[in-house]
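fold the stuff below for me.
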Amino acid sequence: MSELSLADRFFVDAMSPQFQEDPYPHYDAYRGRAQLLRVADTVWFSFGHADVAALLRHPMLSANEARATTEAGCEDPLRLSRSLVFMDPPDHTRLRGLVARAFTPRLIAALRPRAEAIADELLDDVAARRAGGVVDLIRAFAYPLPVRVICSLLGVPEADEARFTAWSRALARSLDPTVLRSAEVDAIIIAAERDLAAYLEALLAFRRTAPGDDLLSGLLAVEADGDRISPQEVVNLALLLLVAGHETTVNLIGNGVLALLRAPDQLAMLRQRPDLVEGAVDELLRFDSPVQMTQRVATEALDLADARVRAGDEILLVLGAANRDPTAFAEPGRLDVTRDARRHVAFGGGIHHCLGAALARLEGQVALTGLLGRFSSLELGGPPLRRPTFTLRGLESLPVVLS
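Presented below is the predicted three-dimensional model:
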């Protein structure tokens, strides 16, 4: 395998059924070649936990993909590429500071009763369906739970939740690297962005005249030193929340339940000790990360790890690999719900540490507690089906038998 063929080989393998089922042996094959592995003229990979954690916090690495040499002259046309997650200071500092004034821990904690009520409603339906045998846990539970919680957070009427689900499914592909997206996929994403943005703009117009206790109303009301979040920024934030907050939580629940089904001793331990659920969510995030990769761009020539990186070079930080690094986690391929896994990088790090991390943890805890509390037996009812995405790692279906 020549050095310049590594990138092509990596991404070809990344779309294979074997990789989608279990990417971690593939990562291990690349791990250790170098701290920063050059796979093309302007592209580098980082697989180690310490390196990824440090690079996530490096002040001279940009989150703006348009600054990459390989992106010159072909800026990503998608609206989400211009959202908070791809901004750099000072714009990022300003906007995140304003958002944090509305998206508070108190607001998230207040969502728990509503999230628990939604989980109970969905599990009532699951219990009714199980008489027929196998239930697809993704369709029946993991997918609708976070979208209904986010709709509640944003103040979206329940009647519109199905539309949000469809938009979210289309928008999820926007987080894959551009090299893995076809023109047809981009067209679908752009149409979903357009329709969702129009819907949110109408909802914002209504909230200006009739504010509620939802996040959209809170964002409209935020002010600091005379600065406010513009309506356009609110729409972009809501778009990001739907993708980053919904799809990733679906994957957390689906990947997590599958991991527990494949480690019955750990599933039994959680049943015996519900107090472990909070920590178990972090271990599940580490073990099979919902977000496998993020990207940074060097803003100037830098000495990073063991390499000399040029301005505009892209560095792909493989979060899923970092979370399976044996130098950071003992026996990383073994699920252990008693492990202190809080050092994982599933939520990124630095100034771009996931703003919705507390919400994702809450939803994961609610989902596991509700599912294990409702059913005394949980078994696989057939082979799970993985989704054809790379950056977001999740399941299309998870057939289970419950009793």
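
okay, now the unreliable bits of the stretch 151-300 of the chain?
Residue ranges of the stretch 151-300 of the chain with pLDDT under 70: 175-180.

my guess is residue 158 meets residue 151, correct?
Yes - here residue 158 reaches residue 151: they are 7.1 Å apart, a contact under CB atoms under 8 Å. To be clear about C-beta, it is placed using only N, CA and C from the backbone, and glycine gets the same treatment.

okay, the two: which has more neighbours?
residue 151 (21 against 10; other CB atoms under 10 Å).

hang on, residue 64 packs against residue 86?
Yes - under the criterion of CB under 8 Å, residue 64 makes contact with residue 86 at 5.4 Å.

OK, contacts around the residue nearest the centre of the chain?
What sits nearest the mean C-alpha location of the chain, by CA atoms, centre = their mean, is residue 248, with 3.3 Å. By CB atoms under 8 Å, 6 or more residues apart in numbering, the contact set of residue 248 is 290-291, 360, 392.

which stretch of helix or strand covers residue 317?
strand 314-318 (DSSP states H and E).

what are the contacting residues of the next helix or strand after that strand?
Scanning forward in sequence from strand 314-318 by DSSP H and E, the next helix or strand is helix 319-322. Helix 319-322 is contacted from outside by 23-24, 27-28, 30-31, 46-49, 51-53, 288-289, 291-294, 328, 345-346, 348, 393, using CB under 8 Å, 6+ apart.

cool, stretch 343-354 as well?
49, 52-53, 56-58, 63, 85, 89, 92-93, 96, 244, 282, 285-286, 289-291, 294, 319, 322-323, 328-329, 357, 360.

do stretch 94-109 as well
Residues outside stretch 94-109 that contact it (CB under 8 Å, 6+ apart) are 84, 87, 153, 215, 218-219, 221-222, 224, 227-229, 233, 237, 351, 355-356, 358-359, 362.

how about a cut-off of 7 Å?
84, 87, 215, 218-219, 222, 224, 227, 229, 233, 237, 355, 358-359, 362 (CB atoms under 7 Å, 6 or more residues apart in numbering).

neighbours around residue 207, how many?
20.

now do the contacts for it.
With contact set as CB under 7 Å, 6+ apart, residue 207 has these partners: 155, 216-217, 220.

now flag whichever of the residues you listed is closest to residue 275.
residue 155 (33.7 Å; CB to CB).

next, count neighbours for the closest residue to the closest one other than its chain neighbours.
What sits nearest to residue 155 in space, not counting adjacent residues and going by CB to CB, 6 or more residues apart in numbering, is residue 214, at 3.0 Å. Using other CB under 10 Å, residue 214 has 18 neighbouring residues.

likewise for residue 298?
There are 23 residues near residue 298, going by other CB under 10 Å.

show me the contacts for it.
60-61, 309-313, 315.

want to throw those residues into JSON lines with distance to residue 277?
Shown next, in JSON lines, are these (distance: CB to CB, whole Å):
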{"residue": "60", "distance to residue 277": "39"}
{"residue": "61", "distance to residue 277": "35"}
{"residue": "309", "distance to residue 277": "41"}
{"residue": "310", "distance to residue 277": "46"}
{"residue": "311", "distance to residue 277": "46"}
{"residue": "312", "distance to residue 277": "44"}
{"residue": "313", "distance to residue 277": "42"}
{"residue": "315", "distance to residue 277": "35"}
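
just the buried ones among those, please.
Buried members of the contacts of residue 298, counted by 16 or more other CB atoms under 10 Å: 61, 309, 312-313, 315.

for the stretch 301-403 of the chain, which segments count as helices?
Ranges of helices in the stretch 301-403 of the chain, per DSSP state H, counting those that start in this stretch, are 319-322, 357-374.

count of residues packed around residue 222?
17.

equivalent analysis for residue 381, please.
Neighbours of residue 381 (other CB under 10 Å): 17.

same check on residue 330?
9.

so how far is residue 324 from it?
12 Å (CB to CB, to the nearest Å).

now the strands for the stretch 201-350 of the chain?
Secondary structure of the stretch 201-350 of the chain (DSSP state E, counting those that start in this stretch): strands at 223-224, 227-228, 293-298, 302-304, 307-309, 314-318.

ok, longest helix in this protein?
Across the chain, the longest stretch assigned as helix under DSSP state H is helix 183-209.

how about that one: buried residues?
Neighbour-count burial for helix 183-209 flags 186, 188-190, 192-193, 196-197, 199-200, 203-204, 207 (criterion: 16+ other CB under 10 Å).

can you check stretch 349-363 too?
For stretch 349-363, the neighbour count (16+ other CB under 10 Å) marks 349, 352, 354-356, 358-363 as buried.

mean confidence score for it?
Rounded to a whole number, the mean pLDDT of stretch 349-363 is 93.

how far off centre is that stretch?
9 Å (CA atoms, centre = their mean, to the nearest Å).

shift numbering so it begins at 41
Happy to do that; since the first residue is 41 now, the last one works out to stretch 389-403.

only C-alpha atoms, please: export that stretch in PDB.
In PDB, the C-alpha atoms belonging to stretch 389-403 read as follows (Å, rounded to 0.1, in the frame of the first residue of the first chain):
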ATOM      1  CA  GLY A 389     -13.500  18.900  22.700                       C
ATOM      2  CA  GLY A 390     -12.300  22.400  23.100                       C
ATOM      3  CA  ILE A 391     -14.400  25.300  22.000                       C
ATOM      4  CA  HIS A 392     -16.500  23.000  19.800                       C
ATOM      5  CA  HIS A 393     -17.300  20.500  22.600                       C
ATOM      6  CA  CYS A 394     -20.900  19.500  21.800                       C
ATOM      7  CA  LEU A 395     -23.300  22.100  23.100                       C
ATOM      8  CA  GLY A 396     -26.000  19.500  23.400                       C
ATOM      9  CA  ALA A 397     -23.900  16.900  25.300                       C
ATOM     10  CA  ALA A 398     -26.100  17.200  28.500                       C
ATOM     11  CA  LEU A 399     -29.300  16.700  26.400                       C
ATOM     12  CA  ALA A 400     -27.800  13.700  24.700                       C
ATOM     13  CA  ARG A 401     -26.800  12.100  28.000                       C
ATOM     14  CA  LEU A 402     -30.300  12.900  29.500                       C
ATOM     15  CA  GLU A 403     -32.000  11.200  26.500                       C
END
